[in-house]
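Engineer: return a 3D structure for these sequence lines:
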Amino acid sequence: MHITLRQLEVFTEVLKGGSTTQASQALSLSQSAVSAALSDLEGQLGVQLFDRVGKRLVVNEHGRLLYPRAVALLEQGNEIEKMFREDNGAIRVYASSTIGNYILPAVIARYRSDFPGLPIELSVGNSMDVINAVADFRVDIGLIEGPCHMAEVVTVPWLEDELVVFAAPDSPVLQQEVTLETLAAAPWILRERGSGTREIVDYLLLSHLPEFRLEMELGNSEAIKHAVRHGLGISCLSRRVIADQLAYGVLVEVPLPLPRLVRSLYYIHHRQKHLSRALMRFLQYCEK
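Structural biologist: Purely as a prediction, here's the structure:
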């Protein structure tokens, strides 16, 4: 059986108008097209939906049974058309941890304020998780903290982000002049490999410290902040991540004998991914 919404639409208009002539005018179709659609529908159902009384079509018991179901299906079809006409589908976003925990909440709050009914599915992981999800089409858009080297993924620079080295206020590294040697000798607490922050820290900072002391690797920025605060070592994270702790003095920025540690944040999508109006609209909110 292959009943179409057009056939159901013809049926409901014939029922309301009592003739194929009025239905053809309401639907802007030829009378022959309306008659053919109605005949096809009755043929597929194997019943007559109307009694023919002269030139009038009077709905019978079969037509009365079909009518409420036909109206419900047509309403659902209209809802589907409206949904995609307005691009109201759920946006699937995967962000690396710094972005997902410290940047996106404000972005999503602004977006939901203007579009309260539009769903967003947000996942948070490390940058490699995000890249793999984008490459596998499991998400629509990814937001990462380091460059992506996959040929099938498009990488677009998004925001600038500053990394800072920090320590507890009474850390031994702050009791002397900070040099590359004293930094190398300090115990470091770093993000795990595969994290965008770790990749950039390795490139911008640790490459200047050929022999540094790695105390531990943690997969969570909050855990790193607490470990540093309790004197277990020093670390390097986005200024956005430790802004509150620096303001309250529970963590202290370590001055570096190096240029500012600045990186780009990126949004990524698969090269074959269609960027819908909804996705482009969300990215515009990311730029605000």
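
Engineer: and the closest residue to Val47 other than its chain neighbours, which helix or strand is it part of?
Structural biologist: The shortest distance from Val47 to any non-neighbouring residue, by CB to CB, 6 or more residues apart in numbering, is to His62 (4.4 Å). For glycine as for every other residue, the C-beta is placed from the backbone atoms N, C-alpha and C. His62 belongs to helix 61-85 when assigned by DSSP states H and E.

Engineer: what does Met216 give?
Structural biologist: strand 213-218.

Engineer: ok, that strand: who's next to it in the sheet?
Structural biologist: strand 187-191 (parallel) (DSSP bridges).

Engineer: in the next helix-or-strand element following the partner strand, what counts as buried?
Structural biologist: Downstream of strand 187-191, the next assigned helix or strand under DSSP H and E is helix 196-204. Within helix 196-204, the residues scored as buried using 16 or more other CB atoms under 10 Å are Gly196, Thr197, Arg198, Glu199, Ile200, Val201, Leu204.

Engineer: and the fourth one, how close does it get to Lys288?
Structural biologist: As defined by CB to CB, to the nearest Å, Glu199 lies at a distance of 27 Å from Lys288.

Engineer: run through who's touching the helix or strand containing Glu181.
Structural biologist: Assigned by DSSP H and E, Glu181 belongs to helix 180-185. Counting contacts by CB atoms under 8 Å, 6 or more residues apart in numbering, the residues outside helix 180-185 that touch it are 165, 173, 176, 208-213, 234, 254, 256-258.

Engineer: switch to 7 Å and redo it
Structural biologist: Val173, Gln176, His208, Leu209, Glu211, Phe212, Arg213, Pro257 (CB atoms under 7 Å, 6 or more residues apart in numbering).
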